[in-house]
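Q: Turn this into a structure:
(3 chains)
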Amino acid sequence: MSAVSTPREPQIPKEHYLNAGYGVKSWLLTTDHKRIAILYLASVTFMFFLGGLYAAAIRLELVTPPGDLVLSETYNKLFTGHGVLMVFFFMIPTIPAVLGNFLIPLMVGAKDLAFPRINLLSWYCYVVGAGLVLVALVEGGLDTGWTFYTPYSTSFSNSNVILAGLGIFAAGFSSILTGLNFIVTIHKMRAPGLTWFRLPLFVWAHYATSIIQILGTPVIAVTVLLVAVERTFKFGFFDPARGGDPILFQHLFWFYSHPAVYIMILPAMGVISELVTCFSRKKIFGYSFIAASSLAIAVLSFLVWAHHMFVSGLSVYASLIFSALSFLVAIPSAIKVFNWTATLYRGSVSWQTPMLYAIGFIGLFVIGGLTGLFLAAIGLDVHVTDTYFIVAHFHYVMVGSVVMAYMGGLHFWWPKITGRLYPEWWARVSAAIIFIGFNLTFFPQFVLGYLGMPRRYHYYPPEFQVLNVMSSAGASILAVGYFIPMVYFTWSMRYGKVAPANPWPATGLEWQTASPPPTENFAVTPTVTEEVYDYTKPPKEPVFV
Amino acid sequence: MSDHVVSPKLYSAVFAALLLLTLTTVWAAGQDFGAYNTVVAVGIAITKATLVILFFMHVRWAGKLVQLFVASGFIWLVILIAITLADYVSRGWSLTQ
Amino acid sequence: MSNAHSSVLRHHFASLAQQKDASSLGMWTFLVQEIMFFGGLFLVYTVYRHQYYDVFAACSHHLDWKLGAANTAVLIFSSLTMAMAVHAAALGQRKATALWLVLTILLGGVFLGVKTVEYKEKFEAHLVPGPHFLAPTEAAHELKIDASQAGQAQLYFSLYFAMTGLHALHMVIGIPILAALAWKAWAGAYGASYHTPVEMTGLYWHFVDIVWIFLFPLLYLIGHH
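A: All right, here's what the predicted structure looks like:
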């Protein structure tokens, strides 16, 4: 029977997870990890949009030197809202909750995650958290900065700290439950023949991320509760007047919030590994090194938090140790970059949209990561602390890296998720607009910060205006770049070309089932006999009844 | 995960040990071990916790994975406390004015 | 027992053994994050005890260590009864399982009752931190500290209430779960081939016991020599 040589027009399968039940209840009470991923997709996109509105307001204010758009008090609420929404409700959850939830059971050959009902609970925790924070932002706002430093947040701020704090607590619980589910699934539900070293690097990345979620998030959860208790009952954990130490808050806060940035970047790196190997048609270089580096990052990330506190009164000795450890944690990240680059070498590289995002990621992550190393050096850090240099650094790793990786992953797996192809030309144009808009927004901020413009201020000396205007112009271009995919993704769900089961084609169990997959993922539990990323063979014809 | 059924005798022995250690910790609190007071108190607590973990929670018979998870939890707690204390210990000034 | 198998085996698991393994690893993962959750409070405690040892010792003297020790014994006893409940479930002894669980609940209730008595006493003695705490001179007299250290005394009691309060909250959550388990056990839901919920709840209950094992000496027995 001729198999691969006669191409058939791909058809949407008759039954799949999207039409396996209609109505609000079938979605709101679903335990199907794929549907829960879609629920998350809608939620995080909404929160991203709101966070983006705050960013637009900030960049609008910063077009002119005087603080003439809003009052200082209002500006405090703008950057706080932007930070809280983006960090806790977009950056931390998105790739794990959208792509991870959808793909991990498929990638390990399972019917669902280990605890489907806990998966749904995690989404509800997210929604409750989002609701609480949105109420806090609407009912007067939050002005403490996303970092909530005490004693301002505990004793002096008149904004909705407790409500926002409880919202963050709920979002944190959502994150913990997701991590718990991933760890147990990856340990206990791999298909026969799927050994650890045959797992896709996306899975390794999420495993490492889950370790951080489990070990780090509870600390910020209890910290946020302490702030709430101090505000409500006037207990004095961080009150200097009663002998409390505000720096202790910073230790507790950053113990989580530094590893949190690795919760953001590790899944992104997992996506990039998948994209680079597929679009080089070549097994990724140094698979075991990349897997090990994910675990190394997860562990080392917990040892460096006080590099956010170099100017908070740490002793020289403590600062030295944290600085050295911060240099150390860059090594596993660098290993990944070298391995991705080595994968490209002598690969058969093609430039579809996901690959454009992947290459963009590698370049921008190098800038973001290297500037992180600059900041690990105490001498330079003291000079640029609380300036726009920091803002530029973290936006390069968060937006230039994580969001780009998310976009790349979303495009790569869109055919699997929806059964439709996105329009390639529009997608490439948007990728280019995003790349240009992003760099125009944030590169000038490195210069601004180095020249001394402080962050969280809405007025600045006139000599900084040109760079600020460039940055704001870039932000408007970036906004256009993010808007276009929202349009064509939505359009493609109805009018996009029907996707084959494996359009790229790529290796991996998720491509061995229909697009979109049936509710139970696989008609027959697959048995894995091949090594991972074997691009030497032609792709297997997907088998489904 | 083994379906190990533990004998009530063993449970009772552990229970007796835990009560004994509780009495010990009360007694030890009344003694002056100088710089080691806290070490003794925490050490007795760790011993009690270990008994509960190994026997009541069956970790003695659990696989390596569970044992790794349990160990990691406590290691991370130590990391949190030890490294933060490193700041306080190296400051050269205390919070008492 | 095959009926029981098919009704408790969730469809996404290949076997009951895989399901049990997953449940167990899941509960342990949850407990690991609980270690870090309480860990944050233990960090705050460690820092302030390190900085304000004398005040902490003086305030600790104000707690009734005999009540604390008795409560410790009660909770350890409840861990024994919980372990016995798991044992009975594993042997398919439905009545014994239910009775051991009820005993665990009663002991947990005794513990919470004693804590309520202790909290009430603190409340009446104006030792709840905040605006109603003893004035510095009164605190100095009551707690045998210097008036200037009254703020640090508030730190001690903040930790006392936060740590024992969070612990008590975990027990308040655990007791209804035990009650539901006891009910189901009586109805014969658990046997040799399936008693995972009893085991998992046991793990949770033992963890709560372990937290108290640390809280007792750290809060009640500072500087008693």
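
Q: In terms of helices and strands, where is the residue nearest to residue C:162 when sequence neighbours are not counted?
A: With C-beta to C-beta, 6 or more residues apart in numbering or on different chains as the criterion, residue C:162 has its nearest non-adjacent residue at 5.9 Å, and that residue is residue C:41. The C-beta positions use only the backbone N, C-alpha and C, and glycine is treated the same way. In the assignment (DSSP states H and E), residue C:41 maps to helix C:16-51.

Q: That helix - what's its average pLDDT?
A: The average of the pLDDT scores along helix C:16-51 is 97.

Q: Would you mind listing the buried residues in that helix?
A: Within helix C:16-51, the residues scored as buried using 16 or more other C-beta atoms under 10 Å in any protein chain shown are C:16, C:18-49, C:51.

Q: ok, the residue nearest to residue C:162 to chain B distance?
A: As judged by C-beta to the nearest C-beta, to the nearest Å, residue C:41 and chain B stand 11 Å apart.

Q: For that residue, give me its contacts.
A: By C-beta atoms under 8 Å, 6 or more residues apart in numbering or on different chains, the contact set of residue C:41 is A:222, A:226, C:159, C:162-163, C:166.

Q: Please narrow those to those residing in strands.
A: Using DSSP state E, the subset of these located in strands is empty.

Q: farthest pair in those?
A: Within the contacts of residue C:41, A:222 and C:159 form the most distant pair, 12.3 Å apart (C-beta to C-beta).

Q: where does the chain have low pLDDT?
A: Using chain A. The model of chain A has pLDDT under 70 over residues A:1-8, A:539-545.

Q: wait, chain C
A: Within chain C, the segments meeting pLDDT under 70 span C:1-6.

Q: What separation is there between residue A:512 and residue A:526?
A: Distance, residue A:512 to residue A:526, by C-beta to C-beta, to the nearest Å: 6 Å.

Q: actually residue A:89, not the one I wrote
A: From residue A:89 across to residue A:526, the span is 35 Å (C-beta to C-beta).

Q: And the two? Which one has more around it.
A: residue A:89 (26 against 20; other C-beta atoms under 10 Å in any protein chain shown).

Q: And what about residue B:95, helix, strand or coil?
A: Secondary structure state of residue B:95, per DSSP: H, G, I helix; E, B strand; the rest coil, is coil.

Q: Ramachandran angles for it?
A: Backbone torsions of residue B:95, given as degrees, to the nearest 10, read phi -70, psi -20.

Q: so it sits right up against residue A:243, yeah?
A: Yes: counting by C-beta atoms under 8 Å, residue B:95 touches residue A:243, with 6.0 Å between them.

Q: Common neighbours of the two, please.
A: C:51-52.

Q: Can you pick out the residue with more neighbours from those two?
A: Between residue B:95 and residue A:243, counted using other C-beta under 10 Å, the more crowded position is residue A:243 (23 against 19).

Q: And that one, how far from chain C?
A: Using C-beta to the nearest C-beta, residue A:243 is found at 4 Å from chain C.

Q: Now for the residue nearest to that residue when sequence neighbours are not counted, how many residues are close by?
A: Among residues not flanking residue A:243 along the chain, residue C:152 sits closest, at 4.2 Å (C-beta to C-beta, 6+ apart). By the other C-beta under 10 Å criterion, the neighbourhood of residue C:152 contains 25 residues.

Q: Tell me who's in contact with residue C:152.
A: Here residue C:152 is in contact with A:242-243, B:96, C:48, C:52, C:55-56, C:145 (C-beta under 8 Å, 6+ apart).
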